[in-house]
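>>> Have a look at this fold, sequence not included:
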């Protein structure tokens, strides 16, 4: 990220340059919380070491098949207090495509840029995904996924080593982003399947 140079007034009101000030947090390695470490391990376990691209190509269709036939009421029914409904999971998947699409572009074009985390619970609530249209959400996910795959597969594989400095996870390469999203799809696919099993849908 480019630094911002501020100016301060000197004697007689003359502006004097000051040292460049970086926006955002320090580039020192982030300390992962135990909860975040556990989440990353779980996400990786779904991918099970498989290459991410093939999984990323099939992920949206698997999600679409998993929600096929559900009624509006079923889509909105939460499996427990504080747990997302199926439609809210779909909204979260759209948010994930949006944020990781941007992160990958920023990392590829401006390697080393700072990347902010976000509160996924707040996004799902504030964007009112509970009232969303599942067909539109699935289509949005598919379109953004195709755009990401078109981008990363068009560029040389060596560019996947470019990275962003995540505010919570530290240095994170494009390769790592792709691996995490591949596992993320399967994680939430399993979550949807568990909801259907719980209610015998």
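Here it is on my side, so go on. On a predicted model such as this, the values are computed, not experimentally measured, just so you know.
>>> ok, now how distant is the residue nearest the centre of the chain from residue 200?
With distances taken as CA atoms, centre = their mean, residue 96 lies nearest the centre of the chain, 3.4 Å away. Going from residue 96 to residue 200 by CB to CB, to the nearest Å gives 28 Å. Quick note: C-beta positions are derived from backbone N, CA and C, even for glycine.
>>> would the residue nearest to the centre of the chain count as being in a helix?
Yes - with DSSP: H, G, I helix; E, B strand; the rest coil as the criterion, residue 96 is assigned to a helix.
>>> in the protein, which segments are predicted with low confidence?
1-30 (pLDDT under 70).
>>> redo that, cut-off 50
Where the chain drops to pLDDT under 50, the residues are 1-27.
>>> Helices along that one, start to end?
34-47, 52-67, 72-76, 86-109, 120-126, 134-154, 174-198 (DSSP state H).
>>> Number of residues surrounding the nearest residue to residue 90 once chain neighbours are set aside?
With CB to CB, 6 or more residues apart in numbering as the criterion, residue 90 has its nearest non-adjacent residue at 4.2 Å, and that residue is residue 137. A count of nearby residues for residue 137, using other CB atoms under 10 Å, gives 21.
>>> Was I right to think residue 137 contacts residue 129?
Yes - if you go by CB atoms under 8 Å, residue 137 and residue 129 touch, sitting 7.4 Å apart.
>>> mind listing what residue 174 touches?
Residues in contact with residue 174 (CB atoms under 8 Å, 6 or more residues apart in numbering) are 104, 107-108, 152, 159-163.
>>> Could you report the neighbour count for residue 71?
9.
>>> I should have written residue 191 there, sorry.
16.
>>> just the one 4 residues further on next, same as before
Neighbour count of residue 195, defined by other CB under 10 Å: 24.
>>> And the residue nearest to residue 118 when sequence neighbours are not counted, how far from residue 200?
Nearest residue to residue 118, sequence neighbours excluded (CB to CB, 6+ apart): residue 99, at 6.3 Å. Per CB to CB, residue 99 is found 34 Å from residue 200.
>>> ditto for residue 156
The gap separating residue 156 from residue 200 is 49 Å, by CB to CB.
>>> Same check on residue 48?
Distance of residue 48 to residue 200, given as CB to CB: 28 Å.
>>> between these two, which one's more packed in?
Neighbour comparison, residue 48 and residue 200: the larger count goes to residue 48, with 9 against 5 (by other CB under 10 Å).
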